[in-house]
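Undergrad: Turn this into a model:
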Amino acid sequence: MESKYFFDKQEQKAIVNAIVEAELNTSGEIRVHVEPTCKDPLIRAALVFNRLKMQKTALRNGVLIYIATKSRKIAIIGDKGINEKVSENYWDDIVTDLQLAFKNGNAAEGVCKAIFSVGNNLKEFFPYQQGDINEQSDEISFGK
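TA: The predicted model follows:
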C-alpha cells in the first residue's frame, strides 16, 4: 500500500484540520510526513525536515511528525527554538503515545492527539503574534 493511502481521505482531512487548528495560536509550524519504510526514523526525519525547509521558520519552531508505515517507525523532530524550550524526553513521550495509538488501531486519532500536544507547547512558548504568516503547507506530505 502506498503511504498516501495509509490514512483514508477522511483521516487525512482530520489530520490537516488538526494542524490548522493547532497552528491558529502559534507562530510555530507543524507538518506530518508519511512514507512506507525507513531504516533509522530519526535520521530520515531529519532529512525530510530539511527537504521540507522546516528550519526556515523565523523562531526555529518547526516540528515534523514522521511516520514510516510499513517499518512501523515514528520520529518527531523539533527545530532548535522549540527544542530549547521543551523537556528532554518530551518528543519521546509523544512518540510512545503515538506508537500505542497505532498498535491499538487508532493511528489517525493518535496523530491528531500528537499534533494538539505539539501545538499546545508551541502556543505556550511561541504564541501567535500579529502578522505571523504560515508559509508552510498544511497538507500531509508523502514519500515513496
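Undergrad: among the helices and strands of this structure, which has the poorest mean pLDDT?
TA: strand 141-142 (a mean of 82; mean pLDDT, DSSP states H and E).
Undergrad: elements contacting that strand?
TA: On a contact count with 3 or more Cβ pairs under 8 Å, 6 or more residues apart in numbering; DSSP states H and E, strand 141-142 meets strand 29-35. In short, each C-beta sits where N, CA and C put it, glycine included.
Undergrad: and the strand it packs on, how far out from the chain's middle?
TA: 5 Å (Cα atoms, centre = their mean, to the nearest Å).
Undergrad: Give the partner strands of that strand in its sheet and their orientations.
TA: With DSSP bridges as the test, strand 29-35 is paired with strand 62-68 (parallel), strand 141-142 (parallel).
Undergrad: ok, and which of those has the densest surroundings?
TA: Highest mean neighbour count of the strands paired with strand 29-35: strand 62-68, a mean of 25 (counted as mean count of other Cβ atoms under 10 Å).
Undergrad: Let's test this: mean pLDDT of stretch 123-140, rounded?
TA: Averaged over stretch 123-140, pLDDT sits at 73.
Undergrad: Now residue 109: closest residue in space that isn't a chain neighbour?
TA: residue 101 (6.1 Å; Cβ to Cβ, 6 or more residues apart in numbering).
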